[in-house]
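Participant: model the following, please.
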Amino acid sequence: LHALAAGTMTVHSYNGSTYLPDFTQLWSTRTPGTATQVPWLSLRLRLFGVSGSTALAGACRWAGGAVFPPPPETDCGDGLDNDCNGLTDAEDPACKAAALTP
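Facilitator: Prediction:
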């Protein structure tokens with residue numbers, strides 16, 4: 001592992017069906033606490049933390065299709081993070097604002 005990659009997550013893309021290491025494309029490098037979006041997949045990848053050779057990462061597919069940025073949270077009663085901002089209904093500012101709107 002290269003010293004510059006230690007403590008990070010690298011995200012690669014590959015448009016094919018057979019593994020060819022020279023044909024992957026570096027999409028993003030993330031440090032703990034950051035995320036990257038893959039708009040055409042409606043996907044957000046987040047690196048929560050790294051400990052030694054273990055990483056805790058998550059993937060979230062936002063509601064609303066392949067639009068970017070993800071639409072704000074609108075289903076504030078399902079307990080899910082529909083807009084992939086890392087916040088579920090009770091914590092999401094969009095839901096808090098919606099609750100204040102008459």
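Participant: for the residue positioned nearest the centre of the chain, give the beta-bridge partners.
Facilitator: Centroid-nearest residue in the chain, with CA atoms, centre = their mean: Arg44, separated by 2.2 Å. With DSSP bridges applied, Arg44 shows beta-bridge pairing to Gln37, Cys60.
Participant: which residues touch it?
Facilitator: Contacts were defined as CB atoms under 8 Å, 6 or more residues apart in numbering; by that measure Arg44 touches 35-38, 59-62, 70, 84. Where you see a C-beta, it was placed from the backbone N, CA and C, and this is true even at glycine.
Participant: write the PyMOL selection for whichever of those are buried.
Facilitator: Isolation of the buried members of the contacts of Arg44 (16 or more other CB atoms under 10 Å) is achieved in PyMOL through the command below:
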select buried, resi 35+37+38+60+62+70+84
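Participant: mind giving me TSV with the contacts of Arg44 and columns for pLDDT and distance to Gly16?
Facilitator: Formatted as TSV, the entries for the contacts of Arg44 read as follows, by pLDDT from 0 to 100; distance: CB to CB, whole Å:
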residue	pLDDT	distance to Gly16
Ala35	85	26
Thr36	85	21
Gln37	82	22
Val38	80	17
Ala59	88	21
Cys60	86	25
Arg61	83	22
Trp62	77	26
Pro70	74	27
Cys84	85	27
